[in-house]
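Novice: Need a 3D model of the sequence below.
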Amino acid sequence: MTTYRQLHEANQSLSHYIQALLQGEELVILQQEQPIAKLIAPRPSRVLTPSQWVARQRTLDRMKRGYPLGISGLTRDSFYE
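Specialist: Sure, this is the predicted structure:
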């Protein structure tokens with residue numbers, strides 16, 4: 001649920017709104033009836049399973065080695081000809 005509050009009101013009751021954020025609420029702060037900020041609680045960081053971690057490492061290692069493109073003997077000069 002999204003709550004809309006004027007800046008001065010949000011400033012005076014910030015600790016109250018922080019508790020609501022932690023329970024999944026969103027807070028949009030208004031200044032002269034215009035939204036100027038949106039506060040949301042941070043998402044919990046994702047924890048990879050051991051098999052996902054191994055797959056991630058394998059993919060990163062492969063990307064560091066590069067992928068063969070099947071092109072040999074290509075020089076800068078021949079590229080522009």
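
Novice: So G24 sits against A41, correct?
Specialist: Yes: assessed by CB atoms under 8 Å, G24 is found in contact with A41 at 6.9 Å. (Each C-beta comes from the backbone N, C-alpha and C, glycine too.)

Novice: Those two: which has the busier surroundings?
Specialist: Counted by other CB atoms under 10 Å, G24 and A41 do not tie: A41 has more neighbours, with 14 against 9.

Novice: Burial check on the residue lying closest to that one once chain neighbours are set aside, number of neighbours?
Specialist: Ranked by CB to CB, 6 or more residues apart in numbering and with sequence neighbours excluded, the top spatial neighbour of A41 is L21, at 4.5 Å. By other CB under 10 Å, the residues close to L21 number 15.

Novice: element containing L21, please.
Specialist: helix 14-22 (DSSP states H and E).

Novice: quick one: buried residues of that helix?
Specialist: Going by neighbour count (16 or more other CB atoms under 10 Å), the buried part of helix 14-22 is 17, 20.

Novice: Can you show me the CA trace of that helix as CSV?
Specialist: Output of helix 14-22 as CSV, limited to C-alpha atoms (Å, rounded to 0.1, in the frame of the first residue of the first chain):
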residue,chain,number,x,y,z
LEU,A,14,9.7,9.7,10.1
SER,A,15,10.3,6.9,12.7
HIS,A,16,6.6,5.9,12.4
TYR,A,17,6.8,5.7,8.6
ILE,A,18,10.1,3.7,8.8
GLN,A,19,8.2,1.0,10.8
ALA,A,20,5.5,1.0,8.1
LEU,A,21,8.2,0.6,5.4
LEU,A,22,9.6,-2.4,7.1
